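Undergrad: Here's a sequence, model it:
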Amino acid sequence: MIGPSAETLLRLGAKDSYLIVVQEEVWRLVSPMVLHAGLIHFVLNMLALWFVGRAVENMHGFFPTVVFFVVPAVGGTVLSAIFLPEYITVGASGGIFGLIGACISVSSFLNKSFSSG
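TA: Numbering: from 1, shown residues only. Coordinates of the predicted model:
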């Protein structure tokens, strides 16, 4: 696979539970969302952000979209640190799922509003 080694990802800020807890490198809760494990990982995340992120931004605006992305991305890293402490992780998947959740919640809200009226 085309991408950096695990050692390089760790140097750049990948999630490592030991470093977060023992070395108090709490910035590692934020940095994994901008790191990717390879070219395919990066391209697929960018495509998801392009389509889903653009839809959410058109509905809610820039700042709510940032919140819908960053909060789940950091939350995903925290959960990964708790439940998968032995693995290093990178990627924007938590943030992308947050954006998808925003789309689904708006869609279900609009469907309920139209069907009850």
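
Undergrad: Give the burial count for Leu47, as a bare number.
TA: A count of neighbours around Leu47, defined by other Cβ atoms under 10 Å, yields 10. All C-beta spots, glycine's among them, are computed from the backbone N, C-alpha and C.

Undergrad: on contacts alone, who are the packing partners of the helix or strand bottoming out on mean pLDDT in the chain?
TA: For the chain, using mean pLDDT, DSSP states H and E, the weakest element among its helices and strands is helix 93-116, scoring a mean of 82. Counting contacts by 3 or more Cβ pairs under 8 Å, 6 or more residues apart in numbering; DSSP states H and E, helix 93-116 packs against helix 39-48, helix 54-60, helix 62-83.

Undergrad: The same query, at a cut-off of 7 Å, please.
TA: helix 54-60, helix 62-83 (3 or more Cβ pairs under 7 Å, 6 or more residues apart in numbering; DSSP states H and E).

Undergrad: Which among those is found nearest to His41?
TA: Among the helices and strands packed on helix 93-116, the nearest to His41 by Cβ to Cβ is helix 62-83 (14.6 Å).

Undergrad: would you put the C-alpha positions of that closest one in PDB?
TA: Coordinates of each C-alpha in helix 62-83 appear next as PDB, following Å, rounded to 0.1, in the frame of the first residue of the first chain:
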ATOM      1  CA  PHE A  62     -19.500  26.600   7.500                       C
ATOM      2  CA  PHE A  63     -19.100  26.700  11.300                       C
ATOM      3  CA  PRO A  64     -21.800  24.100  12.200                       C
ATOM      4  CA  THR A  65     -20.200  21.800   9.600                       C
ATOM      5  CA  VAL A  66     -16.900  22.200  11.300                       C
ATOM      6  CA  VAL A  67     -18.500  21.300  14.600                       C
ATOM      7  CA  PHE A  68     -20.300  18.300  13.000                       C
ATOM      8  CA  PHE A  69     -16.900  17.100  11.800                       C
ATOM      9  CA  VAL A  70     -14.500  17.900  14.600                       C
ATOM     10  CA  VAL A  71     -16.500  16.700  17.600                       C
ATOM     11  CA  PRO A  72     -17.200  13.200  16.200                       C
ATOM     12  CA  ALA A  73     -13.600  13.000  14.900                       C
ATOM     13  CA  VAL A  74     -12.100  13.700  18.400                       C
ATOM     14  CA  GLY A  75     -14.800  11.500  20.000                       C
ATOM     15  CA  GLY A  76     -13.900   8.700  17.700                       C
ATOM     16  CA  THR A  77     -10.200   9.100  18.700                       C
ATOM     17  CA  VAL A  78     -11.100   9.100  22.400                       C
ATOM     18  CA  LEU A  79     -13.200   5.900  22.000                       C
ATOM     19  CA  SER A  80     -10.400   4.300  20.000                       C
ATOM     20  CA  ALA A  81      -7.900   5.200  22.700                       C
ATOM     21  CA  ILE A  82     -10.200   3.600  25.300                       C
ATOM     22  CA  PHE A  83     -11.300   0.400  23.500                       C
END
